[in-house]
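> just to be clear, the model below is a prediction. Sequence and coordinates:
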Amino acid sequence: MPVPTKDRPVDAVREEVIDQLILNYSHGEISADAFERRLDKAYSIDDAEQLQALAADLPLQSDPRYHSEKQARMQPKFTASTDHPDTLSITSILSADQRSGEWVVPKHIKLNNYLGSIELDFRNAVFTHPEVTIEINCISGSDEIIVPDNIDVITSTTNILGHVSNNRVGLSSNTHTAQRPKLYIQGKVILGSVDISVKQTMQEKVKQFAHSLKSLFDEGKHS
């Protein structure tokens, strides 16, 4: 006998409802406006029965193929390759350095920034380890670290007339995200700044995934 909806964890019900919304929108069962309206409600409601009602009239249920596609597109990427070094060192002196796109993230990153600018964008990065230590030595420079909503960041720095801004604090309590990468940022900031920011929320990423899935199915219909 299934557990009553009201007794189930809200986060689990929310995830199932969002999966149904994505799948039914991508197959043309609901319009784009209806999808976005219901998705907004799914992220704002904290009652399991109200959440389930958002998808009660939708005919399609998620299946292993859907979850495989979701895993490939939505979750942080990992590689088991041993060809990559364990440490990446970046030194910026009166210059700028950037890592973005599908760059390979090692277990340990060292940033030496003297009057320069360094940007690490983890939104499409490929991880070699679930826990990454970023050692910062920032003197009169600026370090910017960009993460999606499914990566956790923990900071522990010594600041001397410096500034550290972390808008992605702490570890998620969601049991469904146990494999999330974690960034541990430590070191010193002297007359400089370190900014950690989320440039793509999980809701935005869900919408992007849903639209890409719909485009994929639409192409299949016309091919």
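Thanks, I have the structure now.
> how far out from the middle of the chain is the helix ranked longest in the chain?
Scanning the chain for the longest helix, with DSSP state H as the assignment, gives helix 202-222. Offset of helix 202-222 from its chain centre (Cα atoms, centre = their mean, to the nearest Å): 18 Å.
> which helices and strands does that helix pack with?
helix 10-26, helix 32-44, helix 64-74 (3 or more Cβ pairs under 8 Å, 6 or more residues apart in numbering; DSSP states H and E). (C-beta placed from N, C-alpha, C; glycine too.)
> alpha carbons only: can I get that helix in PDB?
Extracted as PDB, the C-alpha positions of helix 202-222 are listed here (Å, rounded to 0.1, in the frame of the first residue of the first chain):
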ATOM      1  CA  MET A 202      18.000  25.300 -10.400                       C
ATOM      2  CA  GLN A 203      14.600  26.600 -11.600                       C
ATOM      3  CA  GLU A 204      16.300  28.400 -14.500                       C
ATOM      4  CA  LYS A 205      18.200  25.200 -15.300                       C
ATOM      5  CA  VAL A 206      15.000  23.100 -15.200                       C
ATOM      6  CA  LYS A 207      13.400  25.500 -17.700                       C
ATOM      7  CA  GLN A 208      16.400  25.300 -20.000                       C
ATOM      8  CA  PHE A 209      16.300  21.500 -19.800                       C
ATOM      9  CA  ALA A 210      12.600  21.400 -20.500                       C
ATOM     10  CA  HIS A 211      12.900  23.700 -23.600                       C
ATOM     11  CA  SER A 212      15.800  21.700 -24.900                       C
ATOM     12  CA  LEU A 213      13.900  18.400 -24.500                       C
ATOM     13  CA  LYS A 214      10.900  19.800 -26.200                       C
ATOM     14  CA  SER A 215      13.100  21.000 -29.100                       C
ATOM     15  CA  LEU A 216      14.500  17.500 -29.300                       C
ATOM     16  CA  PHE A 217      11.100  15.800 -29.500                       C
ATOM     17  CA  ASP A 218       9.800  18.400 -32.000                       C
ATOM     18  CA  GLU A 219      12.800  17.700 -34.300                       C
ATOM     19  CA  GLY A 220      12.000  14.000 -34.100                       C
ATOM     20  CA  LYS A 221       8.400  14.600 -35.200                       C
ATOM     21  CA  HIS A 222       9.500  16.500 -38.300                       C
END
